[in-house]
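Engineer: Quick one: sequence and predicted model below, then my questions.
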Amino acid sequence: MGLNLNYIDGQTPIDDDEKEELLIPSITTLGELNEFEQLNIDEANEWLLGKSFNFEKVLSVEFIKELHNRMFGNVWKWAGSFRNTNKNIGVDKFFIKTELRKLIEDAKYWKENSTFAPDEFAVRFSHRIVKIHCFPNGNGRHSRMIADILIEKCFGKSSFSWGGKNLTDISETRSEYINALKEADKNNYKTLIKFARN
């Protein structure tokens, strides 16, 4: 039967060859896919419990890939691997590694120079990494989890609420989130920081 997905605003379509790397053949709809991915994300959250991370660990290509794999590795073969196709968002596939290294170096500079308050640091990092769009899918959820790890494990502050709702479904909250991302695209991070803490 295959995987038949109807996307909502702001979602990245999964290419046909990427769909072939689905590890659970019984999944046929977006709702089922979201459910299995959420179970996997819950496992990743359990893995994080009680662990401590420093900036050096989190701000590394290895950790960024490992986290994505822990979030989606039960569902997709390509979890934790950089995408090799271009999408409707993100940098060209050939520039992913370069842009990610630039982001990591920028973030290290922000930390060393106390450039931003903790919330803005984490939200800026999240926004920049989702703009790169490192992976075939799951970039938004991955970017929010990295922001939570930065704010909670590295800065010792409470994690973000991200509107307090599931952002994979059509909702007013998702629309607010997409609008906040668009504001951040214009280098105005106030709305996205407020949303993250809402």
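Structural biologist: Looks like it came in fine.

Engineer: Helices of this protein, residue ranges please.
Structural biologist: 16-19, 30-48, 55-58, 61-72, 96-113, 118-132, 139-149, 172-185, 190-197 (DSSP state H).

Engineer: buried sites along stretch 181-197?
Structural biologist: Buried positions in stretch 181-197, judged by neighbour count with 16 or more other CB atoms under 10 Å: 181, 184, 189, 191-193, 195-196. Using the backbone N, CA and C atoms, a C-beta is placed for each residue, glycine as well.

Engineer: got the CA positions of stretch 113-127 in PDB?
Structural biologist: In PDB, the C-alpha atoms belonging to stretch 113-127 read as follows (Å, rounded to 0.1, in the frame of the first residue of the first chain):
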ATOM      1  CA  ASN A 113      31.200  36.400  25.000                       C
ATOM      2  CA  SER A 114      27.800  36.200  26.700                       C
ATOM      3  CA  THR A 115      26.300  37.600  23.500                       C
ATOM      4  CA  PHE A 116      22.700  36.600  24.300                       C
ATOM      5  CA  ALA A 117      20.700  35.800  27.400                       C
ATOM      6  CA  PRO A 118      20.100  32.000  27.800                       C
ATOM      7  CA  ASP A 119      16.600  32.000  26.300                       C
ATOM      8  CA  GLU A 120      17.700  33.900  23.200                       C
ATOM      9  CA  PHE A 121      20.800  31.800  22.800                       C
ATOM     10  CA  ALA A 122      18.800  28.600  22.800                       C
ATOM     11  CA  VAL A 123      16.000  29.900  20.500                       C
ATOM     12  CA  ARG A 124      18.500  31.400  18.000                       C
ATOM     13  CA  PHE A 125      20.400  28.100  17.800                       C
ATOM     14  CA  SER A 126      17.100  26.300  17.300                       C
ATOM     15  CA  HIS A 127      16.000  28.700  14.600                       C
END
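
Engineer: Now for Lys157, how many residues are close by?
Structural biologist: 14 (other CB atoms under 10 Å).

Engineer: How about the contacts made by it?
Structural biologist: By CB atoms under 8 Å, 6 or more residues apart in numbering, the residues touching Lys157 are 118-119, 151.

Engineer: Top of the residues you listed by number of neighbours, please.
Structural biologist: Neighbour counts for the contacts of Lys157, by other CB under 10 Å, peak at Ile151, which reaches 23 neighbours.
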